[in-house]
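Engineer: Just need the structure, nothing else, for what follows:
(2 chains)
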Amino acid sequence: MTPSEISSETARLELDHVTVSYNGHPALDDVTFEVPHGAQVAVVGPNGAGKSTLFKALVGLLPLRRGSICIHGQPLGQHKDCVAYIPQREEVDWRFPVTVHDVVMMGRFGKVGWMSRPSAKDQAIVKRSLEQMSIEKLSSRPIGDLSGGQQQRVFLARALAQEPHILLMDEPFTAVDAGTQEATLHLLQDLKQLQVTVLVSTHDLPMASERFEKVILLNHRLVAYGTPAEVFSNLNISAAFGHQVLYLDGAIIVDECCAPDDETRRAQ
Amino acid sequence: MIDFLWLPFSYGFMQRGFAAAVIVGGLCALVGCYVVLRSMAFMGDAMAHAILPGIAIAYLLGGNLQVGALIAAIAVALGIGFFSQEGEIKEDTAIGILFSAALSLGVALISRIRTYAVDLSHILFGDVLGVSPANLILIGGLAAAVILTVIIFYRPFLVVTFDPVLAKTLRMPTGLLRNLMLVLLSVTIVISLQTVGIGLVAAMLVTPAAAAYMLTRRLPVMMTYSILFGVLSGIIGLYLSYYLNIASGASIVLVATLIFLAAYFLSPRGRTLRGRLVRSRQ
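Structural biologist: Numbering: from 1, shown residues only, chains lettered A, B, ... in the order given. Okay, here's the model as predicted:
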């Protein structure tokens, strides 16, 4: 795979005073940031901080109440399918009667006409994407038969088949086996070479600080955005996580268990 | 034996009845795959009941009952889409409101008509032996249109059903596709009226597709099985109706239910279930 194949033009992503409501509550409030070409950004923040909302707004699933999102300097919706989104596992109906190959081929549907058959090129891209995620042997299996890690690889392969300029991954490191985590990180390295812009939401703060060049710390508002060293200051962490966070011998421990966002919401 | 099978065909109305049962059984089973996979069973049932006012108004105006039914079904389908799209009301709540409102309106209108009792029972439970040649042509034509649409839109329908988020990111017209599916569902329900009636059409949508779902995890195979089960239910049900002298719509649905039960207990999942029952008895 050459860089020119996956993206003739790398992606600049700009959010300008973006406000998005979800079920009547403002889930994102006045968020402004800019992601440069080919950057890899971790999106962190407490439960319910608006990480998924941010991704859904970026693919055009949720309407913006205020502000604007621009890709390549043009407003969202001008580009056909340069943004790929990997959903959280629980958002997928795993009992749906489709095979691994069917799902990955769906990544090509933006390029294949409705009536025409997938071309040899589409087939080749699907095959290559399956191989890249090491799931080519599972190609004809129903997705419901796979393990959690294999299921995630199917969706990573589909995102590759989409040949996106911007890739959004919602919690790819949560509840998967070590092998899949490693495969996901390898994929990030490959995408780096291809200059695909990547946004990854995660709960894993050490991973965010070690593996990503930039971090967005979100709690409805943009708390901090910059290099991991800049973002992970004690002050920023407390501002985002509130009572959820503990400092032990210089290590940061975030307590994810007890619906803390209700507390912070009441405090506001 | 041959006589046994051929005897019903000596009557013209039975020939037409069989043709209608086969077309409707197969068509409901095909569209039903989407109904089962998108969990729209409640929607299908609601739409079937919601066409009652359309039929009543067409009757009062002396118009074509099926055209009245079709207009009402499409209006209700789009109404449900409109109310639930904004996310203010959940879809099943929107369905519940429109479904009971339309049904009440239908009953209110019909209660004004004294001589309607016989026709009403035909609308509720079907009258497959009363299919006229003109009816049959209408049923066949509309069924062909629905099947053609499903073939043309196979791929967009697959994506919208399996992963609406991907459909949005691929910039597919998801709202339009969703409404198109609802229109196909409306047409299917309307042409099923004469065969199984308002009360039982939901069963023909859901039961064969659910049986097929038990046996496979590939959509094209599921559709093939489902159509096969739907057509078989139509034929066997009509034979039973002829020889046992029972209402045709009910016997078709009962055959479909038996096929579902067989599929359920013969499927891999059903087998483990049965094994558990046997073990718990020991």
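Engineer: Sticking with the nearest residue to residue B:125 once chain neighbours are set aside, tell me its helix or strand.
Structural biologist: Distances taken as CB to CB, 6 or more residues apart in numbering or on different chains put residue B:197 closest to residue B:125, at 4.1 Å, once the chain neighbours are dropped. The C-beta positions use only the backbone N, C-alpha and C, and glycine is treated the same way. Assigned by DSSP states H and E, residue B:197 belongs to helix B:174-215.
Engineer: ok now stretch A:203-215, how far from the chain's centre?
Structural biologist: 13 Å (CA atoms, centre = their mean, to the nearest Å).
Engineer: quick one, phi psi at the nearest residue to residue B:38 once chain neighbours are set aside?
Structural biologist: Nearest in space to residue B:38, with sequence neighbours left out and distances taken as CB to CB, 6+ apart, is residue B:161 at 5.5 Å. Backbone torsions of residue B:161, given as degrees, to the nearest 10, read phi -80, psi -40.
Engineer: Please save the CA atoms from stretch A:103-110 in PDB.
Structural biologist: The C-alpha trace of stretch A:103-110 is given here as PDB (Å, rounded to 0.1, in the frame of the first residue of the first chain):
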ATOM      1  CA  VAL A 103     -18.600  -6.400   6.400                       C
ATOM      2  CA  VAL A 104     -15.200  -5.400   5.000                       C
ATOM      3  CA  MET A 105     -16.700  -5.000   1.500                       C
ATOM      4  CA  MET A 106     -19.100  -2.500   3.000                       C
ATOM      5  CA  GLY A 107     -16.100  -0.200   3.300                       C
ATOM      6  CA  ARG A 108     -16.000  -0.100  -0.500                       C
ATOM      7  CA  PHE A 109     -19.700   0.800  -1.000                       C
ATOM      8  CA  GLY A 110     -19.000   4.500  -1.000                       C
END
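Engineer: helix, strand or coil for the nearest residue to residue B:152 once chain neighbours are set aside?
Structural biologist: Distances taken as CB to CB, 6+ apart place residue A:115 nearest to residue B:152, at 6.6 Å, with adjacent residues excluded. The local conformation at residue A:115, judged by DSSP: H, G, I helix; E, B strand; the rest coil, is coil.
Engineer: now residue A:115: how far from residue B:161?
Structural biologist: 18 Å (CB to CB, to the nearest Å).
Engineer: OK, contacts around the closest residue to chain A within the stretch 101-250 of chain B?
Structural biologist: Distances between the stretch 101-250 of chain B and chain A by CB to the nearest CB are smallest at residue B:217, namely 3.3 Å. Residues in contact with residue B:217 (CB atoms under 8 Å, 6 or more residues apart in numbering or on different chains) are A:97, A:98, A:99, A:142, A:144, A:145.
Engineer: switch to 6 Å and redo it
Structural biologist: Residue B:217 sits next to A:97, A:142 when contact means CB atoms under 6 Å, 6 or more residues apart in numbering or on different chains.
Engineer: likewise residue A:126?
Structural biologist: Contacts of residue A:126 by CB under 6 Å, 6+ apart are A:104, A:105, A:161.
Engineer: wait, which of those residues is closest to residue A:229?
Structural biologist: Nearest to residue A:229 out of the contacts of residue A:126 is residue A:161 (CB to CB; 35.8 Å).
Engineer: mind listing what that closest one touches?
Structural biologist: Residue A:161 neighbours (CB under 6 Å, 6+ apart): A:104, A:107, A:108, A:125, A:126, A:129.
Engineer: Those into TSV, with extra columns for pLDDT, distance to residue B:228 and secondary structure?
Structural biologist: Converted to TSV, these look like this (pLDDT from 0 to 100; distance: CB to CB, whole Å; DSSP: H, G, I helix; E, B strand; the rest coil):
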residue	pLDDT	distance to residue B:228	secondary structure
A:104	95	29	helix
A:107	90	32	coil
A:108	90	31	coil
A:125	94	35	helix
A:126	95	30	helix
A:129	93	35	helix
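Engineer: Can you show me the helices along the stretch 1-150 of chain A?
Structural biologist: A:3-6, A:51-58, A:100-106, A:120-132, A:148-161 (DSSP state H, counting those that start in this stretch).
Engineer: taking the mean pLDDT, what do you get for the last one?
Structural biologist: Computed over helix A:148-161, the mean pLDDT rounds to 90.
Engineer: buried stuff in that helix?
Structural biologist: For helix A:148-161, the neighbour count (16 or more other CB atoms under 10 Å in any protein chain shown) marks A:149-161 as buried.
Engineer: Residues of the stretch 101-250 of chain A that sit close to chain B?
Structural biologist: A:106, A:109, A:110, A:114, A:142 (CB under 6 Å from any CB of the partner chain).
Engineer: 8 Å instead?
Structural biologist: A:102, A:103, A:106, A:109, A:110, A:112, A:114, A:115, A:142, A:144, A:145, A:158 (CB under 8 Å from any CB of the partner chain).
Engineer: what about the first one, how many residues close to it?
Structural biologist: Same thing as residue A:102. 22 (other CB atoms under 10 Å in any protein chain shown).
Engineer: quick one, what contacts it?
Structural biologist: Contacts of residue A:102 by CB under 8 Å, 6+ apart are B:158, B:219.
Engineer: Then the third one?
Structural biologist: Contact partners of residue A:106, counting by CB under 8 Å, 6+ apart, are A:158, B:158, B:159, B:162, B:163, B:166.
Engineer: redo that, cut-off 6 Å
Structural biologist: Taking CB under 6 Å, 6+ apart as the test, what residue A:106 contacts is residue B:159.
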